[in-house]
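> I'd like to go over a predicted model; first the sequence, then the structure.
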Amino acid sequence: MIGAAYLEKLQARLPLALREAAELVLERARELVPVRSGRLRDSLQVEGNSVVTDVPYALEVELEQPFMREALLQSREHILETLK
C-alpha cells in the first residue's frame, strides 16, 4: 500500500518532473524533426508539461514522418527515471 507521505512527495514533485520530461522530448524532437526552412523546428517549445508549436503544417509533417512520437519513444527510459 502506498503511504500518505509518499503520495504527498509525489504530488509535490510531479509538476516539475513532467516539465523535465517535456524538455527531454523537446530536445529530441528538435533533433528528429524534418527540416526545410527550420520554421517548425524553431517553433517547438514547452508550455506547461507539453511540447507545442503554432506552425499550421506541424500535424501534416508528424503524420508523414512521426518525429514527435519517435522523440517520446526514444526519451521513454529517461522520462521514467525523471518521474521516479
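Good, I have the coordinates.

> Wait, Gln74 touches Glu31, no?
No. Assessed by C-beta atoms under 8 Å, Gln74 is found out of contact with Glu31, at 9.2 Å. Backbone N, C-alpha and C define where each C-beta goes, glycine included.

> Compare the two and say which is more crowded by neighbours.
More crowded of Gln74 and Glu31, by other C-beta atoms under 10 Å: Gln74, with 16 against 12.

> roughly how far is the helix or strand that that one is a member of from the heart of the chain?
Assigned by DSSP states H and E, Gln74 belongs to helix 67-83. Counting by C-alpha atoms, centre = their mean, to the nearest Å, helix 67-83 is centred 7 Å from the centre of its parent chain.

> And for that helix, what's in contact with it?
14, 17-18, 20-21, 24-26, 28-29, 31-34, 51, 61-62 (C-beta atoms under 8 Å, 6 or more residues apart in numbering).

> Could I get the CA-only coordinates of that helix as CSV?
Output in CSV follows, covering the C-alpha atoms of helix 67-83 (Å, rounded to 0.1, in the frame of the first residue of the first chain):
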residue,chain,number,x,y,z
PHE,A,67,9.2,12.9,-35.2
MET,A,68,7.3,13.7,-32.0
ARG,A,69,6.2,10.1,-31.5
GLU,A,70,9.7,8.9,-32.1
ALA,A,71,11.1,11.6,-29.7
LEU,A,72,8.7,10.4,-27.0
LEU,A,73,9.6,6.7,-27.6
GLN,A,74,13.4,7.5,-27.6
SER,A,75,13.0,9.5,-24.4
ARG,A,76,10.9,7.0,-22.6
GLU,A,77,13.5,5.4,-20.3
HIS,A,78,14.9,8.8,-19.3
ILE,A,79,11.4,10.1,-18.6
LEU,A,80,10.6,7.2,-16.4
GLU,A,81,13.8,7.9,-14.4
THR,A,82,12.8,11.5,-14.1
LEU,A,83,9.4,10.5,-12.7
